[in-house]
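K.L.:
my questions are about this predicted structure, shown below with the sequence.
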Amino acid sequence: MPTRRLLPTRQLRRVPRGAPDPPLSGRLVDVLAADQTALVRPPIVVVGIGADGWGGLHPASVEALESAAVVLGSQRQLDLVRGHVRVCRPWPSPMLPAVTGLLDSYPDGLVAVLASGDPMLYGIGVTLVGRFGTKRVRVLPHVSSASLACARLGWASADTAVVSAVDRPLNQLVRELAPGRRVLVLVSEADAVARVAALLTAQGYGPSELTVLAELGGPKESMASEVASRWGQRPNPRLAIVAVCSQLEAGAAARSIAPGLPDEEFRTDGVMTKREIRALTLAALGPVPGELLWDIGAGSGTIAVEWSRLHVSCSAVAVEPRADRRALIAANADALGAPRVQVVAGSAPDVLAGLEPPDAVFVGGGLTSPGVLEGCLESLRNGARLVANSVTLESEAVLTSWHARLGGRLSRIAVSHAEPVGSLHAFRSALPVTQWSFTKGASP
Ligand SMILES: C[S@@+](CC[C@H](N)C(=O)[O-])C[C@H]1O[C@@H](n2cnc3c(N)ncnc32)[C@H](O)[C@@H]1O
């Protein structure tokens, strides 16, 4: 069967006469001029480079770097191309605030930006495309460190989770852990592998095998393995990715991904939504990847934490007036691997105006305080959900009256557990919970 070309050259527009100096060669123009608007301002090309340096670059990447008026990158990356390009310029530190000004300061000619491996895998490509758009930024990827690590280890890329601890919280690794699960962790600090090992050990995954793959693809490539609980404090190589083959301690139970974790998994002063009610509450909140929850009067933060554990892109704002409880929320988010929980000091409705609009709101307390439900309902966009739980008669009356006004679904949830009565057992009922769930704009 003939190979299909994704972008036939004849469909690409050529650079017009009188293009900015330095002139771009025909083939690079093919890459860059897929849209005429790329030529309105000089395009930015993000070039992925590996530890094998200049010799490992694809011809299109070589061409881009050679034609660039300036090449920006980290000192390590620039050292790989020095002598082959016209002007090298290291990123200032911190880099992000300076990006726009720096790129705009080269009005003439192509600006090339170096990135390690695949610029769209936790790389500068993501930042630049986000800021300048795909019309101005072209990305020429190299093989990613994750692909190289999977190739060396014989791991299927599709079955391997990749998390980045570069400028991000390491505890996102927690939600990926399960017996036998394979995870790659991008790291940048000298003590990063020690921190990965300590986290695994604290989570009951001390027997996991860690493999530190350094300088992948380069002449100094190396690979070293150790069980997490024995890694200790030794430093790791400068450019490394950590492969974790998760293994749980004998007798320990793996943490479920389903909402409704056992109550004992949370640190609490007693103010928490209990397991079965929590599971039903999350079902009623209806999380979808990418959505934001407000957990109002979050207490120990159980709903916010479970919401955020459901998908890497789910996030939550936990609003809580008491400092001791805010500390509990932060500790639970950390221990259970929910880095996207933001803890906000204060009370509803006062603090709501300053928050990003939610996709769902949970009100677990404070229903009788003036303006709380009104404030939450006002902040809902069409299609956003509100779920409120009550145990007292007074707060139940508030929910009943809102149900009468707006419709939605009013439920009574009663949970009983068998407990010892002398030498026998009987069901002991927890206080029943009245739950109102409402979707804005839905028919009542
Ligand atoms: C900001 S991330 C960018 C990842 C990059 N975009 C990629 O495709 O690999 C940088 C991290 O990737 C990992 N990394 C990149 N190149 C590597 C290499 N050649 N060998 C080992 N790890 C590498 C390291 O964990 C490094 O700190």
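P.N.:
Great, that's in hand. The structure displayed is predicted, hence computed values, not measured ones. Residues are numbered from 1 along each chain as shown.

K.L.:
number of residues surrounding the residue nearest to residue 231 when sequence neighbours are not counted?
P.N.:
Nearest residue to residue 231, sequence neighbours excluded (Cβ to Cβ, 6 or more residues apart in numbering): residue 197, at 3.5 Å. Just so you know, the C-beta spots here come from the backbone N, C-alpha and C atoms, and that holds for glycine as well. Neighbourhood size, residue 197 [other Cβ atoms under 10 Å]: 26.

K.L.:
which strands and helices sit next to the helix or strand hosting residue 197?
P.N.:
For residue 197, the enclosing helix or strand under DSSP states H and E is helix 192-202. In terms of contacts (3 or more Cβ pairs under 8 Å, 6 or more residues apart in numbering; DSSP states H and E), helix 192-202 is packed against strand 209-214, strand 240-245.

K.L.:
how many residues are close by the residue in the chain that the ligand sits nearest to?
P.N.:
For the chain and the ligand, the shortest gap (Cβ to the nearest ligand atom) falls at residue 117, measuring 2.5 Å. Neighbours of residue 117 under the rule other Cβ under 10 Å: 24.

K.L.:
got it, and the one 3 residues further on?
P.N.:
Counted with other Cβ under 10 Å, the neighbours of residue 120 add up to 16.

K.L.:
I'd guessed it sits against residue 139; true?
P.N.:
Yes: between residue 120 and residue 139 a contact is recorded at 6.0 Å, counting by Cβ atoms under 8 Å.

K.L.:
hey, what's in contact with both of those two?
P.N.:
Residues touching both residue 120 and residue 139 by Cβ atoms under 8 Å, 6 or more residues apart in numbering: residue 129.

K.L.:
coming back round to it: can the helix holding residue 197 be said to contact the ligand?
P.N.:
No: for a cut-off given as Cβ under 6 Å from any ligand atom, helix 192-202 has no contacts with the ligand; the smallest distance is 8.0 Å.

K.L.:
contacting residues around that helix?
P.N.:
Contacts for helix 192-202 (Cβ under 8 Å, 6+ apart): 165, 170-171, 173-174, 177, 185, 187, 189, 206, 208, 210, 212, 226, 228-229, 231-236, 240, 242, 244, 246.

K.L.:
could I get the buried residue list for that helix?
P.N.:
For helix 192-202, the neighbour count (16 or more other Cβ atoms under 10 Å) marks 192-201 as buried.

K.L.:
same check on stretch 99-113?
P.N.:
Buried, per 16+ other Cβ under 10 Å, within stretch 99-113: 99, 102-103, 106, 109-113.

K.L.:
enumerate the residues of the stretch 151-300 of the chain near the ligand.
P.N.:
Checking the stretch 151-300 of the chain against the ligand by Cβ under 6 Å from any ligand atom, the hits are 164, 166, 186-188, 213-217, 239-241.

K.L.:
output these as TSV; include the columns pLDDT.
P.N.:
Below are these laid out as TSV (pLDDT from 0 to 100):
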residue	pLDDT
164	97
166	95
186	98
187	97
188	94
213	98
214	97
215	96
216	98
217	96
239	94
240	97
241	98
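
K.L.:
may I see the ChimeraX selection of the buried members of the residues you listed?
P.N.:
If you want just the buried ones from these in ChimeraX, going by 16+ other Cβ under 10 Å, the selection is:
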select :164,186,187,213,214,215,216,217,239,240,241
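
K.L.:
phi and psi next, for the closest residue to residue 315 other than its chain neighbours.
P.N.:
Once flanking residues are discounted, residue 315 sits nearest to residue 340: 3.8 Å by Cβ to Cβ, 6+ apart. Main-chain dihedrals, residue 340, degrees, to the nearest 10: phi -100, psi 40.

K.L.:
I figured residue 340 hits residue 316, correct?
P.N.:
Yes: Residue 340 is within contact range of residue 316, at 6.8 Å (criterion: Cβ under 8 Å).

K.L.:
neighbour-wise, which of the two wins?
P.N.:
Just comparing residue 340 and residue 316: by other Cβ under 10 Å the higher neighbour count belongs to residue 316, 30 against 19.

K.L.:
now do the SS call for the more buried one.
P.N.:
What DSSP: H, G, I helix; E, B strand; the rest coil gives for residue 316 is strand.

K.L.:
leaving out the residues flanking it, which one is nearest to it?
P.N.:
residue 304 is the one closest to residue 316 (Cβ to Cβ, 6+ apart), at 3.8 Å.

K.L.:
ditto for residue 229
P.N.:
residue 206 (3.4 Å).

K.L.:
now do the contacts for that neighbour.
P.N.:
200, 227-229, 249.

K.L.:
any stretches of this protein with poor pLDDT?
P.N.:
Counting by pLDDT under 70, the ranges of the chain that qualify are 1-42.

K.L.:
work out for me the element the residue nearest to residue 229 sits within.
P.N.:
Judged by DSSP H and E, residue 206 forms part of no helix or strand.

K.L.:
and it, how far from residue 443?
P.N.:
Computed with Cβ to Cβ, to the nearest Å, the distance linking residue 206 and residue 443 is 53 Å.

K.L.:
contacts for stretch 182-190?
P.N.:
Contacts of stretch 182-190 with the rest of the structure, by Cβ under 8 Å, 6+ apart, involve 122, 145-146, 149-150, 155, 159-167, 170, 173, 176-177, 192-193, 195-196, 235-236, 238, 240-246.

K.L.:
related to what we said a few turns ago, which two of the buried residues of stretch 99-113 lie the greatest distance from each other?
P.N.:
99 and 109 (17.8 Å; Cβ to Cβ).

K.L.:
help me confirm that residue 150 comes into contact with residue 159.
P.N.:
No: between residue 150 and residue 159 there is no contact under Cβ under 8 Å: 9.3 Å.

K.L.:
neighbour count winner among those two?
P.N.:
Taking other Cβ under 10 Å, residue 150 and residue 159 do not tie; residue 150 has more neighbours (20 against 9).

K.L.:
checking that one next. Helix, strand or coil?
P.N.:
Going by three-state DSSP: residue 150 is helix.

K.L.:
what sits closest to it if chain neighbours are left out?
P.N.:
residue 157 (4.7 Å).

K.L.:
residues contacting the one you found?
P.N.:
146-147, 150 are the contacts of residue 157 under Cβ under 8 Å, 6+ apart.

K.L.:
and for residue 313, the neighbour number?
P.N.:
12.

K.L.:
which of the three states applies to it?
P.N.:
Put simply, residue 313 is coil when judged by three-state DSSP.
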